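# Got a predicted structure here, sequence first:
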Amino acid sequence: MTPHLKHRRQFILGSAAAIAGASIPGLGRAQNTAVKLGVVHPMTGPVAYNGQHCRIGTLTAIEDLNARGGIKSLGGIPFQAVTGDSQGRVEVGVSEVERMHNLGVHAYVGCYNSPVTIAATQAASRYGTPFVVDVGASDLIVSRKLENVFRFSPGFGKCVDDGLLALTEINKKANGVAKTVVLVHESGELGTGTIRLLQDKLPRLGFTVLDTIAHDTPTRSFDNVALRIRGMKPDIVMHTGYVNEYMLLARTLQRYKVPAVRYSILGAGFGVKFAKESPDAAAYAMDFNHWYNPLDSRAVDLKKRIESKGFDYVFEVYCAYNAVMLLADAIERSGSLAADKIIQSLSASTWDKHFMPYGPTRFVNGQNEGAAGCGLQVINDEINVVFPDKFAQAAAVFPRPAS
Amino acid sequence: MDFILTAIVNGLLSGAVYVLVAIGLTLIYGVLHIINFAHGSLLMLAMYASFFLWRDLHVDPYLALPVVTVGAFLAGYVLYRAVIGRFSAGKDENILLITLGLSIIAENAALFFFASDTRTVATAYSDAMLEVGPVLLSFPKVVSFFGALVLCMILGLFMRYSDTGRAIRAVAKERLGARLSGIDVDFMYAVSYGIGIACLGAAACLLMPSFYVSPSVGNSFVLVAFTTVVLGGMGSFAGALAGGMLIGVAESVSSAFFGEQLGQIAIPMLFILVLLFRPTGIFRGTQ
């Protein structure tokens, strides 16, 4: 058995043990011996890859916090994970929140899928329990005036604004060669939310949207989509979707020799694995997404630790890791496990001990206004930050060189 | 015009793989009279087998086809003998539950052992295209089209002319009569199930160069396979062949005209129309 597999199995077995432990009657009623953190992510189902990486980020943060002596202002009590599997389904996510409430969790972290996050945060708001959203792109998550909800990472709106700014700046440096765009998106909340914003904003930035193509998840073939795009000869193809479809579309576009720049905003399939496993399709692909500060040694150290456990160092990991650290900082400052105190502390948070390309946290209606994504590009099979210049590792290669 | 022609040809290419997935399902239904809910999950496992052979032993998916197909046959045979046949006690509802349970176990075991990553096979020909007149065709899809047709033909000849094939057909038509004439019915059940799963093994190897594998990948094909089988007529080989092609073309052409999202309604629409006007399927009752 490879160490990679062994670690993955240990992780899954550990998670099962955590769930089993949390299910023991009476355990949930023990007061203030630990900060009980409800961890809700999709561990099975179509987005299990993402959910499992969210969980490993969360559990690693808890491991680090406990190794540092827990919450000092509360006498060093440790964090205890109460884990749950949303299966990527709204009703399951809500039932997990309810189950965890009965087990006495003090706060929640989750949930990756936007629809599940929207429903789960709503469920938690009934009890006034703080909910820190690690990853969840829809802006609906933070636009319902729920006082218990705090999103650490940037959402649709911010990513679209910054992603378009990055594209415009990069295009400007290339003498404005790119003028036309075809939009491809998955038909769920993630895709439609992002595309609506893009359709509105791209023309104002001088780009012409030639077509908008929606697709289901899962999709078995993108041949017709690639053919349509090939016929339209756009300068840029922008895709928003989940991992499998992102990869399938990229490979199909490559097969049909579509020369356009592949640019995505919150492209879930864009990542290290994509760059390594499909080097031709991934070459010079660009994405604006969550990313760590590559110049921060703590981010690089965590990368090594996560990879040594057999996981990929994807944004789900470090967003979840930092979200838990943010929550820990708020509890530390509040010196209390009372929900209203934690919420007050989170609302006033100016935490800057993260290793993201963000400023200090500043919450407005639950959204961390200090959060921002990065412009990324696959160059020589490696992902490089190309925007903003402050964190850039390489200059963007734009437009895409002919293969 | 070229665009429509390409969409039709692409539909036929996709349809051939649907046929291969569905033909196993229809064979299992035709002989055992059970709906194999584990079909999608077993396809997923076969795709993983093809992937690991490529990644760890550098065996090209097309070269791995005989190995994976034979392995899938043996796995199907053993699965029927050791689990499905043994625990079903001859009751259809038990078989449904067992295959459903197997599907859940297979999917979760894949999550546990292989993780939820999306895996792809990158071969020298994965991105190759063929230009046939005005039509642009993906090379791996062309290979899978002809591969599927050849395999269907071999299976058809086997069923028609071999002793085992004749015995399987006899069991499918008249179980008691077959038993009375000396055919080992349980053995034929296991062989039929094995052949059904072997089709998945072949489909997996033909799919991998242009598709991906993840623990949930079976869901992408299982619904379309069930639709194909019902459309063609449960248990009909010719029906599965025509149904798969029809679905491939309907899906592709409607996607080309109405977009990927709206185009997906072609399959359920076709399904409803067949159920309304020919509830036994296109070919059932005509053969």
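That came through fine. The structure displayed is predicted, hence computed values, not measured ones. Residues are numbered from 1 along each chain as shown, chains lettered A, B, ... in the order given.

# For the stretch 151-287 of chain B, give me the ranges with low pLDDT.
For the stretch 151-287 of chain B, the stretches flagged by pLDDT under 70 are B:259-264, B:284-287.

# Go again with 80.
B:233-236, B:255-266, B:279-287 (pLDDT under 80).

# For it, which segments are assigned as strands?
B:212-213 (DSSP state E, counting those that start in this stretch).

# Now do the helices in it.
Shown for the stretch 151-287 of chain B, the helices assigned by DSSP state H, counting those that start in this stretch span residues B:163-173, B:175-180, B:185-207, B:218-232, B:237-263, B:266-277.

# got TSV for those, with distance to chain A too?
For the C-beta atoms, the positions are set from N, CA and C on the backbone; glycine is no exception. As requested, those are exported to TSV (distance: least, C-beta to the nearest C-beta, whole Å):
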stretch	distance to chain A
helix B:163-173	30
helix B:175-180	36
helix B:185-207	10
helix B:218-232	4
helix B:237-263	4
helix B:266-277	11
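
# could you dump these to a markdown table with mean neighbour count?
Shown next, in a markdown table, are those (neighbours: other C-beta atoms under 10 Å in any protein chain shown):
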| stretch | mean neighbour count |
| --- | --- |
| helix B:163-173 | 17 |
| helix B:175-180 | 13 |
| helix B:185-207 | 26 |
| helix B:218-232 | 25 |
| helix B:237-263 | 23 |
| helix B:266-277 | 14 |
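
# Let's have those helices in JSON lines, adding distance to residue A:374.
Below are the helices of the stretch 151-287 of chain B laid out as JSON lines (distance: least, C-beta to C-beta, whole Å):
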{"stretch": "helix B:163-173", "distance to residue A:374": "59"}
{"stretch": "helix B:175-180", "distance to residue A:374": "65"}
{"stretch": "helix B:185-207", "distance to residue A:374": "35"}
{"stretch": "helix B:218-232", "distance to residue A:374": "32"}
{"stretch": "helix B:237-263", "distance to residue A:374": "29"}
{"stretch": "helix B:266-277", "distance to residue A:374": "40"}
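
# Pull the contacting residues for residue A:401.
For residue A:401, the contact set (C-beta atoms under 8 Å, 6 or more residues apart in numbering or on different chains) comprises residue A:284.

# would it count as being in a helix?
No. Applying DSSP: H, G, I helix; E, B strand; the rest coil, one finds residue A:401 to be coil, outside a helix.

# any idea how far it is from residue A:394?
Residue A:401 sits 14 Å away from residue A:394, going by C-beta to C-beta, to the nearest Å.

# can you tell me which residues contact the nearest residue to residue A:322 once chain neighbours are set aside?
Of all residues not flanking residue A:322 in the chain, residue A:354 sits nearest, at 4.4 Å (C-beta to C-beta, 6 or more residues apart in numbering or on different chains). Counting by C-beta under 8 Å, 6+ apart, residue A:354 makes contact with A:322, A:325, A:326, A:361.

# Quickly list the domain ranges of chain A.
Domains of chain A are assigned by automatic domain parsing as A:3-154+A:296-368, A:157-289+A:374-391.

# can you redo those domains as a markdown table with mean pLDDT?
Shown next, in a markdown table, are those (pLDDT from 0 to 100):
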| stretch | mean pLDDT |
| --- | --- |
| domain A:3-154+A:296-368 | 89 |
| domain A:157-289+A:374-391 | 90 |
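
# how far out from the middle of the chain is stretch A:123-132?
Here stretch A:123-132 is found 20 Å from its chain centre; the criterion is C-alpha atoms, centre = their mean, to the nearest Å.

# Check which residues of it are buried.
Applying a neighbour-count criterion of 16 or more other C-beta atoms under 10 Å in any protein chain shown, one finds A:123, A:124, A:125, A:129, A:130, A:131, A:132 buried in stretch A:123-132.

# Was I right to think the first one contacts residue A:94?
Yes. If you go by C-beta atoms under 8 Å, residue A:123 and residue A:94 touch, sitting 4.7 Å apart.

# Run through the helices of the stretch 301-403 of chain A in chain order.
A:315-334, A:339-347.

# could you check the angle helix A:339-347 makes with the longest one?
Put plainly, it is helix A:315-334. In terms of direction (axes from the mean of the first three to the mean of the last three C-alpha atoms, to 10 degrees), helix A:315-334 departs from helix A:339-347 by 120 degrees.

# May I have helix A:315-334 as PDB, with CA atoms only?
What follows is helix A:315-334, C-alpha atoms only, in PDB (Å, rounded to 0.1, in the frame of the first residue of the first chain):
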ATOM      1  CA  PHE A 315      -8.000  26.000  -2.600                       C
ATOM      2  CA  GLU A 316     -10.500  24.000  -0.600                       C
ATOM      3  CA  VAL A 317      -7.700  23.100   1.700                       C
ATOM      4  CA  TYR A 318      -6.200  26.500   2.500                       C
ATOM      5  CA  CYS A 319      -9.500  28.300   2.500                       C
ATOM      6  CA  ALA A 320     -10.900  25.800   5.000                       C
ATOM      7  CA  TYR A 321      -7.700  25.900   7.000                       C
ATOM      8  CA  ASN A 322      -7.800  29.700   7.300                       C
ATOM      9  CA  ALA A 323     -11.500  29.800   7.900                       C
ATOM     10  CA  VAL A 324     -11.000  27.700  11.000                       C
ATOM     11  CA  MET A 325      -8.100  29.900  12.100                       C
ATOM     12  CA  LEU A 326     -10.300  32.900  11.700                       C
ATOM     13  CA  LEU A 327     -13.000  31.400  13.900                       C
ATOM     14  CA  ALA A 328     -10.400  30.400  16.500                       C
ATOM     15  CA  ASP A 329      -9.100  34.000  16.600                       C
ATOM     16  CA  ALA A 330     -12.600  35.300  17.100                       C
ATOM     17  CA  ILE A 331     -13.300  32.800  20.000                       C
ATOM     18  CA  GLU A 332      -9.900  33.600  21.500                       C
ATOM     19  CA  ARG A 333     -10.700  37.300  21.500                       C
ATOM     20  CA  SER A 334     -14.300  36.900  22.800                       C
END
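
# Could you list the buried residues of it?
Under 16+ other C-beta under 10 Å, the buried positions of helix A:315-334 are A:315-331, A:333-334.

# still on that earlier bit, quick check: the farthest pair among the contacts of residue A:354?
Using C-beta to C-beta, those reach their maximum pairwise distance at A:325 and A:361, which is 10.6 Å.

# Please identify every residue contacting each of the two.
Counting by C-beta under 8 Å, 6+ apart, the residues touching both residue A:325 and residue A:361 are A:351, A:354.

# ranges for the helices of the stretch 51-200 of chain A?
Assigned by DSSP H, counting those that start in this stretch, the stretch 51-200 of chain A shows helices spanning A:90-102, A:114-125, A:156-173, A:189-201.

# tell me which strands and helices the second one is in contact with?
The helices and strands touching helix A:114-125, judged by 3 or more C-beta pairs under 8 Å, 6 or more residues apart in numbering or on different chains; DSSP states H and E, are helix A:90-102, strand A:107-110, strand A:131-133, strand A:149-151, helix A:189-201.

# So what does residue A:289 look like in phi/psi?
Backbone torsions of residue A:289, given as degrees, to the nearest 10, read phi -160, psi 180.

# and the gap between it and residue A:319?
For residue A:289 relative to residue A:319 (C-beta to C-beta), the value is 10 Å.

# try residue A:187
From residue A:187 to residue A:319 the distance is 25 Å (C-beta to C-beta).
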